[in-house]
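Peer 1: using only what follows, build the 3D model:
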Amino acid sequence: MNTNLILPIVLISALSLAACENRSEAPETPDPDAGSPEAFAEPIEESEAPADVMSPEEMQQRREEIEQEAQQTFESIMTDTQEAGDNLVEMGDDAMSALSEQMTSTADAIEVQIDTLVANAAEVRDENMTDEQKREIVANVRNAAEEAARALGQSASEVVAAGDTAEERTRQALGLEE
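Peer 2: Residues are numbered from 1 along each chain as shown. So this is what the prediction gives:
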């Protein structure tokens, strides 16, 4: 039983001795200040006050100057932010106006196309036309109106709406009953 206790103690002792054998050599010239905390501290003389220490009045004045500069900077930032916001709103309004004008001009262009197609169909109208011939003209006008809407970049629903309008107006112009 004693061997069980002695063996771990012997191993720990052997490891400790092995660690101690790798010691570094002592310097040839010892440093007299090494390990002395006083060697690193600079002496402070309490009788001398630094020249740049402000009086309480000077500190208060400097604090007020800093606060005033901060307020001016803040106001400048707020003004710049307001101007930037106003510019963004103006740019947005301009973009919406341009888009609205473009939409209006596109809608107007389609309306002009439909007017022209209906007017042409009305000129072709003849009292001797059969209902089949009238339906063929209506279909051609509808297709032409839809193609015009597609060419102007309209959505699918807008293309169909242009066709519906053209068809209805052409039927009326030709006197074709549904």
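
Peer 1: check what pLDDT the residue nearest the centre of the chain gets.
Peer 2: Most central in the chain under Cα atoms, centre = their mean is L88, positioned 14.0 Å from the mean C-alpha point. pLDDT for L88: 78.

Peer 1: and what of Q61?
Peer 2: Predicted confidence (pLDDT) for Q61: 92.

Peer 1: can you tell me which helices and strands the helix or strand where it lies packs against?
Peer 2: In this assignment (DSSP states H and E), Q61 forms part of helix 56-124. In this structure, helix 56-124 packs against helix 131-151, helix 156-174, with contacts taken as 3 or more Cβ pairs under 8 Å, 6 or more residues apart in numbering; DSSP states H and E. In short, each C-beta sits where N, CA and C put it, glycine included.

Peer 1: distance check, E136 against I12.
Peer 2: 110 Å (Cβ to Cβ, to the nearest Å).

Peer 1: returning to what we had before: turn the helices and strands packed on helix 56-124 into JSON lines, columns for mean pLDDT.
Peer 2: Listed next are the helices and strands packed on helix 56-124 as JSON lines, based on pLDDT from 0 to 100:
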{"stretch": "helix 131-151", "mean pLDDT": "89"}
{"stretch": "helix 156-174", "mean pLDDT": "91"}
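
Peer 1: for Q71, find the nearest of those helices.
Peer 2: helix 156-174 (55.3 Å; Cβ to Cβ).

Peer 1: other residues contacting that closest one?
Peer 2: With contacts defined as Cβ atoms under 8 Å, 6 or more residues apart in numbering, helix 156-174 is touched by 110, 114, 117-118, 121-122, 125, 129, 134, 137-138, 141-146, 148-150, 154, 176-178.

Peer 1: which residues of this structure score low on pLDDT?
Peer 2: 1-5, 7-8, 15, 17-51, 99-100, 103, 178 (pLDDT under 70).
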